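Asker: dropping the sequence and predicted coords here.
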Amino acid sequence: MLDFKNMRKEGLQELQQLKKKQQQLVLLRTSSFLIMIFAFAAGWDGHIFGLVLGFLMLAAFFTFIRRHQKLGLAMLLTESRLACLQACLDRISGKWRDFPDDGRDLMQKGRPQEADLPLLGPASLYQYLVAARTKAGRRQLASLLSPYPESPDRILQRQQAVKELSSAPEKMIKLEALGHLLPRQADFAEFCTMMEHTAIQPRAALRLLSFILPIISFLSLGLALAGYLGLTIPGLLFSLQLLLTFLLLRRSQALLAPLMALPQEFALYEKIFTAFTHTDWQSPLLQEYQQELRGGQAAESLQQLAALADKAVMRRNIFFFLTANTAVLFDLHCTAKTFHWQAQSGCKLRRWLQIWSELEALLSLANAAVTRATVCWPKFLDGSPCLQGKNITPLLIEETKAVPNDADFKAGTGIITGSNMSGKTTYMRTLATSAILAYAGAPVCAASFSLTPMRVFTSIHVSDDLSKGISTFYAEILRIRQMVEACKEDIPLFLCIDEIFKGTNSADRITGAAAAIKRLTAPHAITLVTTHDFELCDLKSSNHLPIQNYHFEEYYKDDKIHFDFKIKPDRCHTTNAKYLLKMAGILS
């Protein structure tokens with residue numbers, strides 16, 4: 001695991017040095033400006049040296065301004081990098097639960113797994129991992145944290161990319177820091193649509209007029225100043241240019257107004273793509289992205305678009321707008337250049353931005369590798385359902401506090417018994433979230449982890465729905481029915497049921513649970529069920545598949561209850577409910 005504290009310390013020192021340089025540049029810029037004023041004043045009085053010095057100071061003044069702008073960008077990048085490093089430290093310390101983006105807005109109806117495990121929402125895998133800023137990047141990460149796996153080839157392709165990113169942490173953090181400068185929830189879908197299908201069409205006549213009319217106007221002005229014409233004609237011509245600008249203002253505004261809103265974003269994308277395409281990547285997926293961006297000249301095209309956007313922004317200054325359009329028909333030139341960019345790259349922009357959203361998701365997944373000391377890259381197996389692992393720990397529990405457990409499950413059912421708070425639900429969630437991390441292409445917190453791709457279904461956090469008249473018990477029945485229907489499809493499944501049918505009386509619960517478990521014990525499913533009903537430990541399947549027992553247990557020391565949170569074979573023989581009730585002062 002990287003030494004993020006030391007990296008952040010070095011970053012803070014670098015930021016302090018940049019701030020000192022900034023102060024020096026401000027002093028130099030101010031000094032050069034004052035010297036320039038006095039030098040030109042001396043030149044006005046006839047001192048040639050003062051005039052020469054004035055022009056030298058003017059050049060120095062603009063040089064210092066450019067350096068100050070570059071230094072400002074360097075400071076922004078350094079601050080962004082520090083924020084990324086701090087986020088890594090927060091993931092390690094457990095403060096990641098305070099991250100503002102928990103992905104709850106991305107949760108889908110009909111996917112209870114997203115809250116059960118949890119994949120999205122407060123204290124979720126998404127909240128731990130997220131490094132995406134754009135709306136599309138957030139959605140991409142949420143879509144990868146799916147209980148329904150893609151093909152193993154596609155998963156392995158992502159895994160290789162995530163592995164390469166995490167093995168080059170400096171490059172990874174640089175890309176993440178550049179992306180961090182983008183506005184939160186940045187969304188360019190409408191602009192991409194406009195670039196693909198604008199209702200405004202370029203006109204060759206206007207393009208020609210934008211050159212010819214200013215040339216004629218300035219020629220007439222020159223002739224007027226030379227005494228060959230009166231000032232009326234150039235005055236009319238320049239007025240005509242301003243009138244033409246206002247007549248075409250709605251047309252120009254429709255094209256340039258969206259451009260004016262995004263100059264900094266396009267400049268950032270240019271820097272992101274430049275950094276990415278100038279790196280030597282080895283994994284096939286990253287190479288594929290790189291070739292697409294290079295082939296379409298994404299960085300160069302976005303640099304041109306950013307320059308166009310900067311010019312469009314200058315129109316906000318009313319003095320510049322009137323002067324530039326009166327003199328050279330500035331709006332017509334801007335729209336013509338925008339049309340040209342649109343023709344060359346407009347249809348490519350959406351794909352370029354999509355590539356970055358996919359990279360944001362991969363960078364997010366790589367955070368699991370760089371913030372945990374013990375991780376492995378899952379292996380995918382063929383054949384009937386199988387899930388195996390050594391020293392598996394949950395990503396969402398601090399590494400120093402997490403208790404590792406093993407797993408070795410094949411098609412069949414595991415009945416897990418144990419005392420309250422002994423770790424049954426956490427163990428089941430750990431296996432399910434580890435499987436979903438594996439499907440996403442991320443590493444798993446384990447010494448080793450291998451599995452066959454299986455759809456994950458859960459019944460853990462089940463609640464009623466008063467608006468639909470659904471009780472907690474009936475809501476759980478609907479969850480179990482969903483699993484039964486999935487079993488009929490003969491697809492690989494990983495089923496996790498916590499405290500099965502806990503919402504009804506013990507007699508009905510045991511009868512219903514026994515029937516459900518027998519239905520869910522299938523040759524294409526691994527089914528895990530936690531329960532306090534020891535009667536379920538004696539179940540036998542009707543299809544010769546194993547129904548095995550596992551348990552967690554507690555022990556007592558100094559009149560206090562303790563748990564080792566380790567899974568063990570066979571059924572549990574102890575309970576702790578009475579002890580906990582006594583501790584709470586409910587029982588005497």
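Answerer: Cool, the structure landed.
Asker: what pLDDT, on average, does stretch 369-384 get?
Answerer: Computed over stretch 369-384, the mean pLDDT rounds to 94.
Asker: typed the wrong thing, it's stretch 167-174
Answerer: 91.
Asker: and the contacts of it?
Answerer: Contacts of stretch 167-174 from elsewhere in the structure, counted by C-beta atoms under 8 Å, 6 or more residues apart in numbering, are 2, 81, 84-85, 165-166, 275, 279, 363, 366, 370. For the C-beta atoms, the positions are set from N, CA and C on the backbone; glycine is no exception.
Asker: let's see which of those residues end up in helices.
Answerer: 81, 84-85, 165-166, 275, 363, 366, 370 (DSSP state H).
Asker: hmm, back to that, can you turn the buried part of the contacts of stretch 167-174 into a ChimeraX selection?
Answerer: In ChimeraX, a selection of the buried entries from those looks like this (16 or more other C-beta atoms under 10 Å):
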select :81,84,85,165,166,363,366,370
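Asker: could I get the contacts of stretch 167-174 as TSV with distance to P404?
Answerer: What follows is those, written out as TSV (distance: C-beta to C-beta, whole Å):
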residue	distance to P404
L2	22
R81	33
C84	29
L85	27
L165	26
S166	21
A275	38
T279	35
L363	27
A366	22
V370	20
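Asker: ok, now how distant is the residue nearest to P546 when sequence neighbours are not counted from L495?
Answerer: Leaving aside its sequence neighbours, P546 sits nearest to G412 (C-beta to C-beta, 6 or more residues apart in numbering; 4.0 Å). The gap separating G412 from L495 is 11 Å, by C-beta to C-beta, to the nearest Å.
Asker: okay, now T400: neighbour count?
Answerer: Other residues near T400 number 9, with proximity taken as other C-beta atoms under 10 Å.
Asker: and the residue sitting nearest the centre point of the chain, which helix or strand is it part of?
Answerer: Taking C-alpha atoms, centre = their mean as the criterion, A132 is the residue nearest the geometric centre of the chain, at 1.9 Å. Using DSSP states H and E, A132 sits in no helix or strand.
Asker: touching, it and L144? I think so.
Answerer: No. Contact criterion C-beta atoms under 8 Å: A132 and L144 do not qualify, at 10.7 Å.
Asker: intersection of neighbour lists for the two?
Answerer: Common neighbours of A132 and L144, counting by C-beta under 8 Å, 6+ apart, are A361.
Asker: give me the secondary structure label for the spatially closest residue to L249 that is not a sequence neighbour.
Answerer: Nearest non-adjacent residue to L249, counting by C-beta to C-beta, 6+ apart: D331, 7.4 Å away. Following DSSP: H, G, I helix; E, B strand; the rest coil, D331 is assigned to helix.
Asker: burial of D331, as a residue count?
Answerer: If we define neighbours as other C-beta under 10 Å, then D331 has 24 of them.
Asker: tell me which residues touch it, please.
Answerer: Counting by C-beta under 8 Å, 6+ apart, D331 has contacts 245, 248-249, 252, 256, 315, 325.
Asker: from S542, how far out is it?
Answerer: Counting by C-beta to C-beta, the gap from D331 to S542 is 79 Å.
Asker: where does pLDDT dip in the stretch 451-588 of the chain?
Answerer: For the stretch 451-588 of the chain, the stretches with pLDDT under 70 are 464-469, 559, 574-588.
Asker: now do the strands in it.
Answerer: Secondary structure of the stretch 451-588 of the chain (DSSP state E, counting those that start in this stretch): strands at 455-459, 493-497, 525-530, 547-552, 554-557, 560-563, 568-569.
Asker: what would those look like in a markdown table with distance to T426 and mean neighbour count?
Answerer: Shown next, in a markdown table, are those (distance: least, C-beta to C-beta, whole Å; neighbours: other C-beta atoms under 10 Å):
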| stretch | distance to T426 | mean neighbour count |
| --- | --- | --- |
| strand 455-459 | 14 | 24 |
| strand 493-497 | 12 | 25 |
| strand 525-530 | 10 | 26 |
| strand 547-552 | 9 | 20 |
| strand 554-557 | 14 | 12 |
| strand 560-563 | 11 | 13 |
| strand 568-569 | 15 | 11 |
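Asker: export the ones you listed to a markdown table and tack on distance to Q388?
Answerer: Listed next are the strands of the stretch 451-588 of the chain as a markdown table, based on distance: least, C-beta to C-beta, whole Å:
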| stretch | distance to Q388 |
| --- | --- |
| strand 455-459 | 16 |
| strand 493-497 | 13 |
| strand 525-530 | 11 |
| strand 547-552 | 15 |
| strand 554-557 | 27 |
| strand 560-563 | 24 |
| strand 568-569 | 15 |
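Asker: low-confidence ranges, the stretch 251-400 of the chain, go.
Answerer: Residues of the stretch 251-400 of the chain that meet the cut-off, pLDDT under 70, do not exist.
Asker: and if we set it to 90?
Answerer: Along the stretch 251-400 of the chain, segments meeting pLDDT under 90 span 251-267, 296, 313-317, 319, 343, 400.
Asker: strands of that one, start to end?
Answerer: 379-380, 386-392.
Asker: who wins for proximity to I517 among those?
Answerer: strand 386-392 (18.2 Å; C-beta to C-beta).
Asker: what's in contact with the helix or strand following that closest one?
Answerer: With elements assigned by DSSP H and E, the helix or strand that comes after strand 386-392 is strand 405-410. For strand 405-410, contacts defined as C-beta under 8 Å, 6+ apart pick out 384-393, 427, 430-431, 526, 528, 546, 565-567.
Asker: buried residues in strand 405-410?
Answerer: Quick answer for strand 405-410 (16+ other C-beta under 10 Å): 405, 407, 409-410.
Asker: would you convert these into JSON lines that also reports distance to H551?
Answerer: Converted to JSON lines, the buried residues of strand 405-410 look like this (distance: C-beta to C-beta, whole Å):
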{"residue": "N405", "distance to H551": "12"}
{"residue": "A407", "distance to H551": "15"}
{"residue": "F409", "distance to H551": "15"}
{"residue": "K410", "distance to H551": "19"}
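Asker: is it true that L329 touches I216?
Answerer: No. Counting by C-beta under 8 Å, L329 does not reach I216; the two are 11.6 Å apart.
Asker: okay, those two: which has more neighbours?
Answerer: When L329 is set against I216 and neighbours are counted by other C-beta under 10 Å, the residue ahead is L329, at 25 against 15.
Asker: skipping its backbone neighbours, what lies nearest the more buried one in space?
Answerer: Nearest one to L329, counting by C-beta to C-beta, 6+ apart, is S210 at 4.7 Å.
Asker: and for the one you found, the neighbour number?
Answerer: By other C-beta under 10 Å, the residues close to S210 number 20.
Asker: host element of it?
Answerer: For S210, the host element (DSSP H and E) is helix 204-225.
Asker: tell me the buried residues in that helix?
Answerer: 206-207, 210, 213-214, 217, 220-221, 224.
Asker: list just the nearest of those to Y128.
Answerer: Looking across those and measuring by C-beta to C-beta, the closest to Y128 is R207, at 53.2 Å.
Asker: what sits against the closest one?
Answerer: R207 touches 332, 336, counting by C-beta under 8 Å, 6+ apart.
Asker: and it, how far is that from F320?
Answerer: Distance from R207 to F320, by C-beta to C-beta: 22 Å.
Asker: do the same with S450
Answerer: For S450, the distance to F320 (C-beta to C-beta) stands at 64 Å.
Asker: next, the distance between the ends of stretch 86-101.
Answerer: Length of stretch 86-101, first residue to last, C-alpha to C-alpha, to the nearest Å: 15 Å.
Asker: quick one: contacts of that stretch?
Answerer: Contacts for stretch 86-101 (C-beta under 8 Å, 6+ apart): 1-2, 4-5, 8, 122-123, 126-128, 130-131, 138, 184, 367, 370-371, 398-399.
Asker: and it, what's its mean pLDDT?
Answerer: Mean predicted lDDT for stretch 86-101 stands at 94.
Asker: how far is it from where the chain is centred?
Answerer: The chain centre lies 15 Å from the centre of stretch 86-101; the measure is C-alpha atoms, centre = their mean, to the nearest Å.
Asker: what residues of that stretch count as buried?
Answerer: Quick answer for stretch 86-101 (16+ other C-beta under 10 Å): 87-88, 90-92, 96, 99, 101.
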